[in-house]
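Asker: Sequence first, predicted coordinates after that:
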Amino acid sequence: MADPFFNEMYGAEGLRRPYQRLEGWYQNMPSEFRALKQAEAEDLFRRYGITFAVYGEGGDPDRLIPFDMFPRVFAAEEWRKLERGIKQRARALNAFLSDVYDRGEMIRAGRIPAEMVYRNEAYEIAVAGFRPPLGIFSHIVGIDLVRTGPDQFYVLEDNCRTPSGVSYMLENREVMMRMFPHLFQENRVAPVDGYARLLKRTLASVAPEKCDRDPKVVLLTPGHFNSAYYEHSFLADLMGIELVEGQDLFVEGDFCWMRTTEGPQKVDVIYRRIDDAFLDPLCFRPDSALGVPGLMNVYRSGGVSICSAPGAGVADDKAIYTYVPEMIRFYLGEAPILENVPTWQCAKADDLKYVQENLAELVVKEVHGSGGYGMLVGPKSDKATIEAFAAKIAANPSNYIAQPTLALSTCPTFVEEGIAPRHVDLRPYCLVGRDIELVPGGLTRVALTEGSLVVNSSQGGGVKDTWVIAEE
Amino acid sequence: MILTVLHKTRYEFTRPVGGIIQSLRLTPAKCDSQKLLDWEIDVPGAVLGTMFRDGAGDYIQTVSVRAPTNHIEVTVRGTVETTDTAGILRGHRERVPPLAYLRNTVRTEPNRAIHDLTEAALDGQDTASPLERAHHLAAAVAEALPYMPGATQAHTTAAEAMTAGAGVCQDHAQVLIACAHLAGLPARYVSGYLNATEDGTPHEASHAWAEIFIDGLGWVGFDAANKCCPNEQYIRLGSGLDAQDAAPIRGLVLGGSEEELDVTVVIEAQQQ
């Protein structure tokens, strides 16, 4: 029987080129050796302190996210297309953001409903009319992609706020290189370790105009209770910048300062890993002890840059998502390179009717949901589950969107019996500053349970090293 | 009319606090109904940031004291020339789209009583214009909440004020915002000053009201507490989603202790 899913290693015509040199590797690997290597990988991750939570999913912080040693591989020409598509999307999302906080031309042109933008919870009144340095709102854009065929990629969602998981991309590579150095001699794998340098350069490039020196960049974390704290400290370390909490910073006059043993030091750029609502108790939630009181005043008067900009989230909501191809046409005058997944919005009567009649074939998600929670995978659900979900949709239609169940590609993955295909997705991290940068790679998540299409780590997902084979 | 303002806000702490930071929305912006002749903010012992204008068109300024202190005093002195524009906000430079003011906060979230009030006020008004509907809502709020200082506190929500059955200008404004939102009208909270008149109507010199967005007219002020639209007796300081968001002074004390707040506002009409 033909495999209904595209296998990225063994396609319809057999072994695909990017994976050529990996066949012998796994076939000749004795099972004891494999067990040994798996234990070594776990040991390394534990030593690095890398923990479970990806994408703010929560979960037990002491549990390791399962790492699968079988790499996921892209050919250079495959990556070239992805890269163009990702950068195009990142540009369009930023153009949209700087437009909706300015004149709203796309809305005036009738290309997106005003209500959807301005009534969106993530639309931040506090930054309306404000133009951040270079007009960039989202400096790190995480774009979640899935593949359904040799040339078919779909964007599942955009993440314009503070996408996490990039530390896994870097650590997975590090661990693989330590464990299988010869693989990297045999395969010309493009390096990803330039990410931290590019991230720092991107952040420095959006320093306020007032800054007339080498910009002082800091990473603002909610603290070690946060599930992504490991990543915060890891990135700060790699960039050689300070990891700070709200209490380490203060506002005085027109600037934001960092307390140091040598007295206050002016801060120019804040890479924040805390949500808008907690950034500044004098502007947003007054009970936030995580932020910096007065920060938004300094930001809006051009004394400090905040990355990503408060309010950037209005571009990555699941309802706004359906308009991203339109953004690309409207702002860039280009045809979208990457496709969106067709999406039905239950808020629309016609869409709702279709969704209700075809629930068994669809994937239904909450508009503001994440982490694979609160969703229905129609084809994988029994009748009772579907009926219960239908009632939830009927009670609050505008809270749901539906998409067809995609035939997600698979990649060989180590299992008890050897290797077996498992479904994967991909999150590359696009950096937007004076330049737009994308390291060749990203985070591949894999659904370790046989047949499962849900790759979230909270739902039994793992991660893989992601390779882009350099040009021959 | 020429109005003079003297507004002193003094915070006293029982024990010295480690520092204070405040965001001030204490400078009126120019528009058709008001023109600043002179205006001055003085906060002895504090560092003042440069004033900037936010997207809603309000002037914002940061004030901070980093050394331990047991008090802070903010003094505002100024003179404004006002004109009656029938409550319509004209010539005000702002960038926030009115549709963004259809959202509620905890303080303007409607309860059953606010739903009922809105429904009753708009009963039979299907053909009424948005402006007429807004007037009906303001009148209904004034009737539902008799003016009664002490019935509510600074943090009282619109829903809580309805339960209390009485309130002050802040409660009138927040309930009216909740009603307007239910009626599909963008609405926001405005803080400012009101010149004391002699006609016996209740008022406070430090005042608040609501603005409702009416297509074709723009933002229109509704002072449910005084059953009128703002006129030349009013000075507009700034706006926000609710009382907290539009507060003239929003502050935070580091290493807080018991605080005592003393506010005096004197508004006077200059003889011409």
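Answerer: The structure has been received and is ready for your questions.
Asker: Checking my notes, A:Leu93 in a helix, right?
Answerer: Yes: under DSSP: H, G, I helix; E, B strand; the rest coil, A:Leu93 falls within a helix.
Asker: What does the pLDDT read for it?
Answerer: Model confidence at A:Leu93, given as pLDDT, is 98.
Asker: do the same with the one 3 residues further on
Answerer: Model confidence at A:Phe96, expressed as pLDDT, equals 98.
Asker: element containing it?
Answerer: Using DSSP states H and E, the element containing A:Phe96 is helix A:76-100.
Asker: Only the buried residues of that helix, if you could.
Answerer: A:78-79, A:82-83, A:85-100 (16 or more other C-beta atoms under 10 Å in any protein chain shown). In short, each C-beta sits where N, CA and C put it, glycine included.
Asker: The residue nearest to B:His71 when sequence neighbours are not counted: helix or strand, and which one exactly?
Answerer: Closest residue in space to B:His71, ignoring its immediate chain neighbours: B:Glu12 at 4.9 Å, by C-beta to C-beta, 6 or more residues apart in numbering or on different chains. Assigned by DSSP H and E, B:Glu12 belongs to strand B:2-17.
Asker: How about the residues of the stretch 101-250 of chain B by chain A?
Answerer: Contact residues (C-beta under 8 Å from any C-beta of the partner chain) of the stretch 101-250 of chain B with chain A: B:101-103, B:241, B:244, B:250.
Asker: B:Ile212: which of these is nearest?
Answerer: Of all those, B:Ile212 sits closest to B:Tyr101, with 9.1 Å by C-beta to C-beta.
Asker: From one end of stretch B:57-71 to the other, what's the distance?
Answerer: Using C-alpha to C-alpha, to the nearest Å, the end-to-end distance of stretch B:57-71 comes out at 30 Å.
Asker: Send me the strand holding B:Glu12 as PDB with only the CA atoms.
Answerer: Listed in PDB are the C-alpha atoms of strand B:2-17, where the atom choice follows Å, rounded to 0.1, in the frame of the first residue of the first chain:
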ATOM      1  CA  ILE B   2     -10.300  81.900  31.400                       C
ATOM      2  CA  LEU B   3      -9.800  79.200  34.000                       C
ATOM      3  CA  THR B   4      -7.000  79.100  36.500                       C
ATOM      4  CA  VAL B   5      -5.900  75.800  38.000                       C
ATOM      5  CA  LEU B   6      -4.000  75.100  41.200                       C
ATOM      6  CA  HIS B   7      -3.800  71.300  41.800                       C
ATOM      7  CA  LYS B   8      -1.600  69.900  44.600                       C
ATOM      8  CA  THR B   9      -1.200  66.200  45.300                       C
ATOM      9  CA  ARG B  10       0.800  65.200  48.300                       C
ATOM     10  CA  TYR B  11       1.600  61.700  49.300                       C
ATOM     11  CA  GLU B  12       2.900  61.200  52.900                       C
ATOM     12  CA  PHE B  13       4.400  58.000  54.000                       C
ATOM     13  CA  THR B  14       4.500  56.800  57.600                       C
ATOM     14  CA  ARG B  15       8.000  55.400  57.000                       C
ATOM     15  CA  PRO B  16      10.500  56.500  54.300                       C
ATOM     16  CA  VAL B  17      10.100  54.600  51.000                       C
END
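Asker: Next, the buried residues of it.
Answerer: So, applying 16+ other C-beta under 10 Å, buried residues of strand B:2-17: B:3-5, B:7, B:9, B:11, B:13, B:17.
Asker: repeat for stretch B:41-59
Answerer: B:41, B:43, B:46, B:49, B:52-59.
Asker: chain center to it, what's the gap?
Answerer: In terms of C-alpha atoms, centre = their mean, to the nearest Å, the centre of stretch B:41-59 is set 17 Å apart from its chain centre.
Asker: And that stretch, end to end?
Answerer: Across stretch B:41-59, first to last residue, C-alpha to C-alpha, it's 12 Å.
Asker: pLDDT on it, on average?
Answerer: 97.
Asker: just the strands in the stretch 51-200 of chain B please.
Answerer: B:52-53, B:59-65, B:69-82, B:187-194 (DSSP state E, counting those that start in this stretch).
Asker: ok, back up a step: next SSE downstream of the strand holding B:Glu12?
Answerer: strand B:19-27.
Asker: hmm, that following strand touching chain A?
Answerer: Yes: interface with chain A: strand B:19-27 contributes B:19, B:21-23 (C-beta under 8 Å from any C-beta).
Asker: The nearest residue to B:Tyr193 once chain neighbours are set aside - how many residues pack around it?
Answerer: Residue nearest to B:Tyr193 in three dimensions, not counting chain neighbours: B:Ile235, with 4.3 Å by C-beta to C-beta, 6+ apart. B:Ile235 is flanked by 22 other residues according to other C-beta atoms under 10 Å in any protein chain shown.
Asker: ok, back up a step: the residue nearest to B:His71 contacts B:Glu260, doesn't it?
Answerer: Yes: because the distance of 4.5 Å satisfies C-beta atoms under 8 Å, B:Glu12 is recorded as touching B:Glu260.
Asker: dump the residue contacts of the residue of chain A found nearest chain B.
Answerer: Distances between chain A and chain B by C-beta to the nearest C-beta are smallest at A:Gly129, namely 2.8 Å. Applying C-beta atoms under 8 Å, 6 or more residues apart in numbering or on different chains, one finds that A:Gly129 lies in contact with A:101-102, B:54-55, B:94-96.
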